[in-house]
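Model the following, please.
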Amino acid sequence: MRILFTVIIAIFSGYTILGQSQPLILDKIIAKVGGEYILYSEVQELYSYAKAQNPEYGPEVQCQIIEQLFGKALLLDQAKLDSIEISNVEIEVELQRRIDYILQQMGGSEEQFINYYGKTPLEQKEEMREPLKEDLIQQRIQGQLIQEVSITPKEVVAYFEQIPKDSLPFLNAEVELGEILMKTIISEKNKSAAKEKLEKIRKRIVEDNEDFAELASIFSDDGSARSGGDLGWAKRGSYVPEFEATAYNLEIGEISEVIETQFGYHLLELLGRRGNNINVRHILIKPEVTEEDISHTKAVLDSVALALRIDTIDFEVAVRLYSNSESQSYNNAGRMNNPKSGDTFWETADLPYQIYFAIENLEVGDISEILEFEERGEKIYKIIKLLSKTKPHRASLETDYAKIQDYAKESKKNEYFNNWVEQKINSTYITIIDDFKSCPNLDRFVNKENYSSLRP
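This next block holds a predicted model:
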C-alpha cells in the first residue's frame with residue numbers, strides 16, 4: 001500500500017507558512033467527504049503554489065492535490081465527530097512562532113516582509129489563522145489516532161533486517177550538543193533605574209491625569225508603543241504569569257502598580273473584559289544593558305566553562321544552576337533540540353554557522369568558547385558541549401539503534417494510520433464531480449459503495 005496520508009499536515013505547512021495570496025478564483029464544490037467540502041479554489045491555490053515551487057509540474061498534479069485534500073477532509077470530519085478543539089491561545093502562539101520565523105529569515109525586516117507578502121506581519125497572521133487552525137486540528141486527531149502505537153526491540157530488528165543491504169541508508173556526520181545559555185545579567189542599579197523611571201510615568205498618569213496611551217507611545221520599549229500600549233483582546237494563558245495575575249485582578253480603567261517580568265517593568269491598565277478575555281494596555285521599560293553588565297555575564301559564563309573543563313562540576317548540574325530556565329534545552333539536561341529532525345541529533349550542515357565553527361575542532365566532551373547571539377533584539381550567550389559525534393556511515397543496529405527504532409516506529413504508525421484511513425473511507429459518504437473522477441489515484445475513494453457522483 002502506498003503511504004498516501006502520513007503526516008498530511010506537512011503537505012500544506014509550506015503553503016500555510018510561506019504562501020502568498022492568490023488571485024480570486026471562481027469557486028464551486030468539487031467533492032464532499034462526510035461533513036467536509038473540498039472547493040475548487042483550494043485545489044487551484046495549492047496547484048499555483050506547487051507550480052511556483054516547481055514550474056515543471058503539470059495539470060496532473062491536481063489529482064494528487066485532491067487526494068491529499070481527501071485525506072485532510074477525512075481527518076477534519078473525524079475531529080468534528082470526536083469534538084476536537086484547539087484553543088485560541090494555541091493558535092496564537094503557533095501563529096506568532098511562524099511569523100517570527102519568517103521575519104528571522106528576512107533578517108527581522110518588516111519592510112522586506114511587506115514587499116514579499118504585500119501585507120504587514122499582523123495582516124498576514126490573520127490570513128494564516130484559519131488554515132493553521134485546520135493544520136493543528138489535523139495534527140491533534142492524527143496524534144490521538146497513533147498515540148498508542150509502540151514497538152518492541154524484536155520488531156526493530158525485524159524492520160532492519162527486511163531492508164536490503166544495498167538499500168541501507170547512508171547517514172551523514174551527526175553531532176549531539178549540549179548548551180548553557182545565559183541572558184545578560186543586569187545590575188541592580190540599572191534595574192532600579194528602570195523601575196524608578198516607570199514609577200515616575202505612573203505618577204504622571206495617576207496624579208497628573210496625563211494620557212496613558214500618549215505616554216506609552218513615547219516611552220514603551222516594545223512594539224505596542226505604536227498603538228498606545230494596547231495589546232488587544234487575549235484569553236487567559238496568553239501572558240507570562242506575573243503579567244496575567246496582575247491584569248486579571250484589575251478593574252476596568254484601573255492602573256496597576258509597577259510589576260516586573262522577564263521582559264522588564266510594566267505598568268498596566270485594563271481596558272475591557274469579556275468572560276476570560278481581557279483587553280489590556282501597558283508601558284514596558286527595559287533596564288539599560290551596559291558594557292559592565294555584558295562583561296560580568298561573560299565572566300560568569302567563562303568561569304562555568306572553566307569548571308566544566310577541569311571537571312569540578314557536572315554538566316547537567318551546571319545547566320540547572322546557570323542556564324536560562326526559559327530555554328528549550330533547560331528541561332532536556334541542556335541538550336539542544338534540532339527543529340528539523342525533532343530529536344537532539346544534528347547533521348553538521350544543519351547547524352547555525354557560529355556553532356558549526358565553534359565545535360569544528362572539538363573532541364567529544366570538550367567545551368566551546370563563549371558564543372554571542374541576538375534574539376528579538378536581546379543578546380544571549382552560550383557555551384556548547386560536544387556530547388557525541390559520528391562520521392558518515394551506513395546505518396547499523398550497533399551504531400544507530402535509536403534512529404532505526406524511530407524509523408521502525410514511524411513505519412508502524414504509517415501502517416496503523418493507513419488502515420484507519422481505509423476503514424474511514426468505507427464508513428464515510430463521499431461524493432465528487434465527474435470532472436475529477438478519472439483521477440487514477442482517487443480509485444480507492446471512487447471504487448467504494450459509499451461513492452456517488454456530485455453534480456456542480
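
can you count the residues close to Ser327?
When neighbours are defined as other CB atoms under 10 Å, Ser327 has 19 of them. Bear in mind the C-beta positions are built from the backbone N, C-alpha and C, glycine included.

Output the contacting helices and strands for the longest helix seen in the chain.
The longest helix of the chain (DSSP state H) is helix 397-426. In terms of contacts (3 or more CB pairs under 8 Å, 6 or more residues apart in numbering; DSSP states H and E), helix 397-426 is packed against helix 61-81, helix 121-146, helix 153-161, helix 443-446.

Pick the most buried one from the ones you listed.
Each of these was scored by mean neighbour count; the highest is helix 61-81, a mean of 20, by mean count of other CB atoms under 10 Å.

Can I get it as PDB, trimmed to CA atoms?
C-alpha atoms of helix 61-81 as PDB (Å, rounded to 0.1, in the frame of the first residue of the first chain):
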ATOM      1  CA  VAL A  61      -0.600  17.300 -10.100                       C
ATOM      2  CA  GLN A  62      -4.200  18.500  -9.300                       C
ATOM      3  CA  CYS A  63      -5.200  14.900  -8.900                       C
ATOM      4  CA  GLN A  64      -2.500  14.400  -6.300                       C
ATOM      5  CA  ILE A  65      -3.600  17.600  -4.500                       C
ATOM      6  CA  ILE A  66      -7.200  16.400  -4.500                       C
ATOM      7  CA  GLU A  67      -6.100  13.100  -3.000                       C
ATOM      8  CA  GLN A  68      -4.300  14.900  -0.200                       C
ATOM      9  CA  LEU A  69      -7.400  17.100   0.400                       C
ATOM     10  CA  PHE A  70      -9.400  14.000   0.700                       C
ATOM     11  CA  GLY A  71      -7.100  12.800   3.500                       C
ATOM     12  CA  LYS A  72      -7.300  16.200   5.200                       C
ATOM     13  CA  ALA A  73     -11.100  16.100   4.900                       C
ATOM     14  CA  LEU A  74     -11.300  12.700   6.500                       C
ATOM     15  CA  LEU A  75      -9.300  13.900   9.500                       C
ATOM     16  CA  LEU A  76     -11.300  17.100   9.900                       C
ATOM     17  CA  ASP A  77     -14.500  15.100   9.700                       C
ATOM     18  CA  GLN A  78     -13.300  12.700  12.400                       C
ATOM     19  CA  ALA A  79     -12.200  15.700  14.500                       C
ATOM     20  CA  LYS A  80     -15.800  17.000  14.400                       C
ATOM     21  CA  LEU A  81     -17.200  13.600  15.400                       C
END
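
I'd like the average pLDDT over that helix.
Across helix 61-81, the average pLDDT comes to 86.

Kindly spell out which helices and strands sit in contact with it.
Counting by 3+ CB pairs under 8 Å, 6+ apart, helix 61-81 packs on helix 9-18, strand 29-33, strand 36-39, helix 40-53, helix 121-146, helix 397-426.

so which of the ones you listed is the most packed in?
For the helices and strands packed on helix 61-81, the highest mean count by mean count of other CB under 10 Å goes to strand 29-33, at a mean of 21.

Quick one: mean pLDDT for that strand?
On average, strand 29-33 scores 87.

Now find how far off-centre it is within its chain.
31 Å (CA atoms, centre = their mean, to the nearest Å).

What lies in contact with it?
Outside strand 29-33, the residues that touch it by CB atoms under 8 Å, 6 or more residues apart in numbering are 37-40, 43, 66, 69-70, 73-74, 77, 428-433, 435-436, 454, 456.

Mind listing the strands it pairs with, and their directions?
strand 36-39 (antiparallel), strand 430-432 (antiparallel) (DSSP bridges).

Report the contact partners of the residue nearest to Ile151 when sequence neighbours are not counted.
Excluding the flanking residues, the one nearest Ile151 by CB to CB, 6 or more residues apart in numbering is Lys409, at 4.6 Å. Listed by CB under 8 Å, 6+ apart, the contact partners of Lys409 are 149-151.
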